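Novice: here you go, sequence then predicted model.
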Amino acid sequence: MTCDLLSERERTRRRVLWALASLHPGDSNASDLLAILNGLDDQERNDIPCSDKPLELIEVRKSVSVRRHNSGIDIILERDIPQPWRERFLQANIGSTRLIDGPYASDWDKFLTEWEREMQHLKNHRAAQAPTS
């Protein structure tokens, strides 16, 4: 997958997740948003060979080291974040303040915490949309 395609996919994912955040699970207005997210998930599964499956959130959290910058601020290095997580983080943090050497570690932690919350909210929407037997 090209960087441009990954960037566009994660930009779309970010916009849809933000739109979904304002809706309660079961809201009929969520249907189109869920369809978009399901399509993005399908694209991701089809683009990635089985051996290159993206890391789970807990693995990503462990794989990115916090570094103390000479300014006294804790940062992370973008190059340490595996894809597609790097692109997800960059899309979520457009416009955020950062140091030239890297984003603030607190922004990375906030992103990971918010991602967990967003995925739970998405799971709740999907469960509410699923037909009952």
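Specialist: Received, thanks.
Novice: skipping adjacent residues, who's closest to the residue positioned nearest the centre of the chain in space?
Specialist: Nearest to the geometric centre of the chain sits Arg88, at 4.1 Å (Cα atoms, centre = their mean). Leaving out its chain neighbours, the residue that sits closest to Arg88 by Cβ to Cβ, 6 or more residues apart in numbering is Glu10, at 5.2 Å. Glycine gets a C-beta too; all of them are placed from N, C-alpha and C.
Novice: burial of the one you found, as a residue count?
Specialist: Around Glu10 there are 22 other residues, counting by other Cβ atoms under 10 Å.
Novice: name the residues that touch the regular element (helix or strand) spanning it?
Specialist: Following DSSP states H and E, one finds Glu10 within helix 3-21. Outside helix 3-21, the residues that touch it by Cβ atoms under 8 Å, 6 or more residues apart in numbering are 30, 33-34, 36-37, 40, 43-44, 83-84, 87-88, 90-92, 118, 121-122, 125.
Novice: switch the cut-off to 10 Å
Specialist: Outside helix 3-21, the residues within contact range by Cβ atoms under 10 Å, 6 or more residues apart in numbering are 1-2, 27, 29-30, 32-37, 39-41, 43-44, 47, 83-94, 114-115, 117-119, 121-122, 125.
Novice: one more: stretch 120-132?
Specialist: 16-17, 20-21, 23-28, 30-31, 33-35, 37-38, 41.
Novice: let me see the contact set for Glu118.
Specialist: 13-14, 17-18, 20-21, 92 are the contacts of Glu118 under Cβ under 10 Å, 6+ apart.
Novice: ok, so of these, who is nearest Asp107?
Specialist: Nearest to Asp107 out of those is Ala92 (Cβ to Cβ; 8.8 Å).
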